[in-house]
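**Q** coords please:
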Amino acid sequence: MKIGILALQGDFHEHQVCFNRLNVDSQLVRSVSQLNHCDALVIPGGESTTISKLLKISRLDNEIISKVKSGMPLWGTCAGLILISKKIVEGEPFPLELLNVETSRNFYGRQIDSFVEKINFSEDKNEFEAIFIRAPKIMGIGKNVDILATTNDNSPVAVQYKNILGTTFHPELTDDLRIHKHFVEMGNNIIKPNE
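**A** Numbering: from 1, shown residues only. Sure, this is the predicted structure:
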(Lines give C-alpha, C1' and ligand atoms only; values in the text may rest on other atoms or scores of the structure.)
Protein backbone atom coordinates (compact mmCIF):
# COMPACT_ATOMS: atom_id res chain seq x y z
CA MET A 1 0.00 0.00 0.00
CA LYS A 2 1.24 3.48 -0.88
CA ILE A 3 -0.06 6.36 1.23
CA GLY A 4 -0.29 9.77 -0.38
CA ILE A 5 0.20 12.84 1.76
CA LEU A 6 -1.31 16.05 0.40
CA ALA A 7 1.65 18.42 0.15
CA LEU A 8 0.09 21.72 -0.90
CA GLN A 9 0.65 23.40 2.48
CA GLY A 10 0.95 22.36 6.12
CA ASP A 11 2.87 19.70 8.02
CA PHE A 12 2.97 17.01 5.36
CA HIS A 13 6.66 16.25 5.95
CA GLU A 14 5.99 15.21 9.56
CA HIS A 15 3.41 12.65 8.41
CA GLN A 16 5.88 11.23 5.91
CA VAL A 17 8.47 10.80 8.67
CA CYS A 18 5.91 8.84 10.73
CA PHE A 19 5.05 6.52 7.84
CA ASN A 20 8.77 6.03 7.14
CA ARG A 21 9.24 4.98 10.78
CA LEU A 22 6.50 2.37 10.22
CA ASN A 23 8.23 1.21 6.99
CA VAL A 24 5.15 2.21 4.98
CA ASP A 25 5.60 3.51 1.44
CA SER A 26 4.39 7.10 1.12
CA GLN A 27 4.40 9.83 -1.51
CA LEU A 28 3.87 13.57 -1.36
CA VAL A 29 0.88 14.57 -3.49
CA ARG A 30 0.68 17.88 -5.34
CA SER A 31 -1.11 16.78 -8.51
CA VAL A 32 -3.84 14.47 -9.76
CA SER A 33 -1.26 12.26 -11.46
CA GLN A 34 0.59 11.79 -8.15
CA LEU A 35 -2.69 11.01 -6.38
CA ASN A 36 -3.43 8.36 -8.99
CA HIS A 37 -0.38 6.39 -7.79
CA CYS A 38 -1.64 6.24 -4.19
CA ASP A 39 -3.93 3.83 -2.37
CA ALA A 40 -4.80 6.12 0.56
CA LEU A 41 -4.50 9.83 1.35
CA VAL A 42 -3.68 12.02 4.35
CA ILE A 43 -4.73 15.67 4.39
CA PRO A 44 -2.44 17.26 6.98
CA GLY A 45 -2.84 20.12 9.38
CA GLY A 46 -2.05 23.59 8.12
CA GLU A 47 -4.23 26.51 7.07
CA SER A 48 -7.60 25.21 5.89
CA THR A 49 -8.50 28.22 3.71
CA THR A 50 -5.15 28.10 1.91
CA ILE A 51 -5.29 24.33 1.39
CA SER A 52 -8.89 24.66 0.13
CA LYS A 53 -7.87 27.22 -2.51
CA LEU A 54 -4.88 25.12 -3.59
CA LEU A 55 -7.08 22.01 -3.85
CA LYS A 56 -9.26 23.84 -6.37
CA ILE A 57 -6.34 25.31 -8.32
CA SER A 58 -4.66 21.89 -8.59
CA ARG A 59 -8.00 20.23 -9.44
CA LEU A 60 -7.38 17.69 -6.70
CA ASP A 61 -10.67 18.47 -4.93
CA ASN A 62 -13.00 16.58 -7.28
CA GLU A 63 -10.50 13.75 -7.76
CA ILE A 64 -10.22 13.24 -3.98
CA ILE A 65 -14.01 13.24 -3.60
CA SER A 66 -14.37 10.65 -6.36
CA LYS A 67 -11.64 8.36 -5.01
CA VAL A 68 -12.83 8.51 -1.40
CA LYS A 69 -16.44 7.82 -2.41
CA SER A 70 -15.07 4.80 -4.30
CA GLY A 71 -13.41 3.52 -1.11
CA MET A 72 -9.97 5.14 -0.92
CA PRO A 73 -8.96 5.54 2.75
CA LEU A 74 -8.71 9.19 3.81
CA TRP A 75 -7.37 10.78 6.98
CA GLY A 76 -7.76 14.47 7.79
CA THR A 77 -5.77 15.93 10.70
CA CYS A 78 -6.72 19.30 12.21
CA ALA A 79 -7.15 21.52 9.10
CA GLY A 80 -7.57 18.30 7.13
CA LEU A 81 -10.54 17.42 9.34
CA ILE A 82 -12.03 20.86 8.70
CA LEU A 83 -11.66 20.32 4.95
CA ILE A 84 -13.46 16.96 4.99
CA SER A 85 -16.25 17.94 7.42
CA LYS A 86 -19.79 18.11 6.02
CA LYS A 87 -20.69 21.07 8.25
CA ILE A 88 -18.69 24.01 9.60
CA VAL A 89 -20.18 25.99 12.49
CA GLU A 90 -18.75 29.29 11.21
CA GLY A 91 -20.30 29.10 7.76
CA GLU A 92 -19.99 27.31 4.47
CA PRO A 93 -18.23 23.95 4.45
CA PHE A 94 -15.03 23.47 2.52
CA PRO A 95 -14.99 21.71 -0.85
CA LEU A 96 -14.69 18.07 0.16
CA GLU A 97 -17.62 17.45 2.59
CA LEU A 98 -16.85 13.74 3.03
CA LEU A 99 -17.15 13.09 6.78
CA ASN A 100 -20.53 13.53 8.48
CA VAL A 101 -19.39 15.71 11.36
CA GLU A 102 -19.96 19.33 12.30
CA THR A 103 -16.73 21.13 13.12
CA SER A 104 -15.91 24.49 14.66
CA ARG A 105 -12.69 25.98 13.25
CA ASN A 106 -9.99 27.21 15.65
CA PHE A 107 -12.36 26.45 18.53
CA TYR A 108 -9.63 26.64 21.17
CA GLY A 109 -8.18 29.96 20.01
CA ARG A 110 -5.06 31.23 18.34
CA GLN A 111 -1.59 29.71 18.02
CA ILE A 112 -0.67 30.98 21.49
CA ASP A 113 -3.58 28.97 22.92
CA SER A 114 -2.19 25.65 21.66
CA PHE A 115 -1.97 22.87 24.25
CA VAL A 116 -1.13 19.23 24.93
CA GLU A 117 -3.65 16.88 26.54
CA LYS A 118 -3.76 13.18 27.23
CA ILE A 119 -6.64 11.54 25.39
CA ASN A 120 -8.32 8.16 25.59
CA PHE A 121 -7.75 6.16 22.40
CA SER A 122 -10.20 3.26 22.05
CA GLU A 123 -7.65 1.05 20.27
CA ASP A 124 -5.44 0.99 23.36
CA LYS A 125 -5.78 1.26 27.12
CA ASN A 126 -2.83 3.66 27.29
CA GLU A 127 -3.50 7.36 26.94
CA PHE A 128 -2.23 9.23 23.88
CA GLU A 129 -0.51 12.59 24.34
CA ALA A 130 -2.24 14.80 21.77
CA ILE A 131 -1.03 18.16 20.51
CA PHE A 132 -3.76 20.69 19.70
CA ILE A 133 -2.65 23.69 17.59
CA ARG A 134 -5.41 26.16 16.64
CA ALA A 135 -7.49 23.01 16.82
CA PRO A 136 -11.02 22.53 15.59
CA LYS A 137 -13.66 20.95 17.80
CA ILE A 138 -16.11 18.31 16.65
CA MET A 139 -19.48 19.76 17.67
CA GLY A 140 -21.75 17.11 16.17
CA ILE A 141 -21.43 13.60 14.82
CA GLY A 142 -23.58 12.01 12.14
CA LYS A 143 -25.13 8.58 12.11
CA ASN A 144 -22.71 5.62 12.16
CA VAL A 145 -19.61 7.77 12.77
CA ASP A 146 -17.48 6.00 15.38
CA ILE A 147 -15.66 7.90 18.11
CA LEU A 148 -12.11 6.54 18.46
CA ALA A 149 -10.68 9.00 20.97
CA THR A 150 -11.98 11.51 23.49
CA THR A 151 -10.59 14.09 25.86
CA ASN A 152 -11.09 13.69 29.60
CA ASP A 153 -14.35 15.68 29.31
CA ASN A 154 -15.55 13.18 26.64
CA SER A 155 -15.20 15.56 23.68
CA PRO A 156 -14.53 13.52 20.52
CA VAL A 157 -11.11 14.19 19.00
CA ALA A 158 -10.76 11.21 16.63
CA VAL A 159 -13.62 9.78 14.58
CA GLN A 160 -14.03 7.27 11.78
CA TYR A 161 -16.71 6.48 9.26
CA LYS A 162 -15.91 3.48 7.06
CA ASN A 163 -12.83 4.54 5.04
CA ILE A 164 -12.56 8.07 6.50
CA LEU A 165 -10.60 9.00 9.64
CA GLY A 166 -10.55 12.46 11.20
CA THR A 167 -8.49 13.85 14.09
CA THR A 168 -8.65 17.32 15.63
CA PHE A 169 -5.07 17.05 16.90
CA HIS A 170 -1.61 16.44 15.40
CA PRO A 171 -0.39 12.85 15.96
CA GLU A 172 2.43 13.49 13.48
CA LEU A 173 4.08 15.88 15.95
CA THR A 174 4.58 13.18 18.59
CA ASP A 175 6.73 10.06 18.75
CA ASP A 176 3.60 7.94 19.28
CA LEU A 177 2.75 6.14 16.04
CA ARG A 178 -0.50 4.45 17.14
CA ILE A 179 -2.83 6.68 15.10
CA HIS A 180 -0.66 6.33 11.99
CA LYS A 181 -0.57 2.57 12.56
CA HIS A 182 -4.37 2.57 12.90
CA PHE A 183 -4.69 4.35 9.53
CA VAL A 184 -2.34 1.86 7.87
CA GLU A 185 -4.31 -1.08 9.31
CA MET A 186 -7.57 0.58 8.30
CA GLY A 187 -6.23 0.95 4.77
CA ASN A 188 -4.95 -2.62 4.62
CA ASN A 189 -8.40 -3.87 5.64
CA ILE A 190 -10.13 -1.81 2.94
CA ILE A 191 -7.94 -1.92 -0.14
CA LYS A 192 -5.57 -3.97 -2.22
CA PRO A 193 -2.17 -2.46 -3.06
CA ASN A 194 -2.05 -0.16 -6.08
CA GLU A 195 -0.27 -1.88 -8.94
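**Q** from here on, just use CA atoms for contacts and neighbour counts.
**A** Will do.
**Q** the protein: strands as residue ranges?
**A** Secondary structure of the chain by DSSP state E: the strands cover 2-6, 25-29, 40-43, 74-77, 85-88, 99-104, 115-121, 127-132, 137-141, 146-150, 156-161, 164-167.
**Q** for the residue lying closest to residue 20 once chain neighbours are set aside, list each beta-bridge partner.
**A** Closest residue to residue 20 apart from its sequence neighbours, by Cα to Cα, 6 or more residues apart in numbering: residue 26 at 7.5 Å. The partner list for residue 26 in beta bridges (DSSP bridges) reads residue 3.
**Q** pull up the gap between residue 26 and residue 150, please.
**A** Residue 26 sits 28 Å away from residue 150, going by Cα to Cα, to the nearest Å.
**Q** which residue packs closest to residue 8, ignoring adjacent ones?
**A** Closest to residue 8 by Cα to Cα, 6+ apart is residue 30, at 5.9 Å.
**Q** where among the strands of the chain is average confidence lowest?
**A** Note on the strands of the chain: lowest mean pLDDT is at strand 115-121, with a mean of 76.
**Q** ok, the residue nearest the centre of the chain - contacts?
**A** With distances taken as Cα atoms, centre = their mean, the chain has residue 76 as the residue nearest its mean C-alpha position (1.5 Å). The contact partners of residue 76, by Cα atoms under 8 Å, 6 or more residues apart in numbering, come to 42, 43, 44, 45, 82, 83, 84, 165, 166, 167.
**Q** would you mind giving the strands of the chain as JSON lines with distance to residue 189 added?
**A** What follows is the strands of the chain, written out as JSON lines (distance: least, Cα to Cα, whole Å):
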{"stretch": "strand 2-6", "distance to residue 189": "14"}
{"stretch": "strand 25-29", "distance to residue 189": "16"}
{"stretch": "strand 40-43", "distance to residue 189": "12"}
{"stretch": "strand 74-77", "distance to residue 189": "13"}
{"stretch": "strand 85-88", "distance to residue 189": "23"}
{"stretch": "strand 99-104", "distance to residue 189": "19"}
{"stretch": "strand 115-121", "distance to residue 189": "20"}
{"stretch": "strand 127-132", "distance to residue 189": "23"}
{"stretch": "strand 137-141", "distance to residue 189": "24"}
{"stretch": "strand 146-150", "distance to residue 189": "17"}
{"stretch": "strand 156-161", "distance to residue 189": "14"}
{"stretch": "strand 164-167", "distance to residue 189": "13"}
